[in-house]
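Chemist: next comes the sequence, and after it the predicted model I'd like to discuss.
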Amino acid sequence: MADSLHLAPTHELGPQRLRAVREMLDAVFGGEFSDEDWDHALGGIHAWIEDERGIAAHGSVVMRRALHRGRSYRVGYVEGVGVRADRRRQGLAGLLMAELERVIDGAYAFGALSASDDGAALYTARGWRLWEGPIEVLGPEGPARLPEEEGSAFLKAADGRVLPDPAAPLAFDWRDGDVM
């Protein structure tokens, strides 16, 4: 069976495929993919690649809100990107990101993600830029700075749009688990 690339909203994946994606992500992240991480990856658009062994790679883009200089932006936030160990370094993550970036270009002001040290090179090579400004969250207690997230947040302008100015904070909406 040749690799097949798919794109669909969460509700079209069905319980069996969603279980397979979650199991693959649990394996990819060595058991460090929490229930909150899984929840963050749901409710948007999924890109995944299947091969003869099942789910080989996955990523999703979900809508988040970010405030910057008094304006609220619709942000396509990339979540749950992973490639099965036996399929790494074969270009699958790039194929997924091309599909997710197409969604971002068509529906959002810009894309955002939080990258691991291992993933940063992929995103930089695809034109994602490290956010050099302050990161905040609009939490239950009000706005709060997230200095531990600074240096791992990447943004990519949607087709023909301009990224926010890093001289001012970028404040993301609150969510359980890792805010970024």
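Modeler: Sure thing, it's come through. Numbering: from 1, shown residues only.

Chemist: got a list of contacts for the longest helix along the chain?
Modeler: Ordering each helix of the chain by length in residues (DSSP state H) puts helix 10-28 first. Helix 10-28 is contacted from outside by 33, 37-38, 41-46, 48, 54-56, 58, 60, 80, 82-85, using Cβ atoms under 8 Å, 6 or more residues apart in numbering. For every residue, glycine as well, the C-beta is placed using N, CA and C.

Chemist: and Phe172, how close does it get to Arg22?
Modeler: Counting by Cβ to Cβ, to the nearest Å, the separation of Phe172 from Arg22 is 24 Å.

Chemist: and the two? Which one has more around it.
Modeler: Between Phe172 and Arg22, counting by other Cβ atoms under 10 Å, Phe172 is the more crowded of the two (24 against 19).

Chemist: take the helix or strand containing that one, keep the C-alpha atoms, and write them as PDB.
Modeler: Phe172 belongs to strand 170-173 when assigned by DSSP states H and E. Taking C-alpha atoms only, strand 170-173 is exported to PDB below (Å, rounded to 0.1, in the frame of the first residue of the first chain):
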ATOM      1  CA  LEU A 170       1.100  38.400  22.000                       C
ATOM      2  CA  ALA A 171      -1.600  37.200  24.400                       C
ATOM      3  CA  PHE A 172      -3.200  33.800  23.700                       C
ATOM      4  CA  ASP A 173      -6.500  32.500  25.000                       C
END
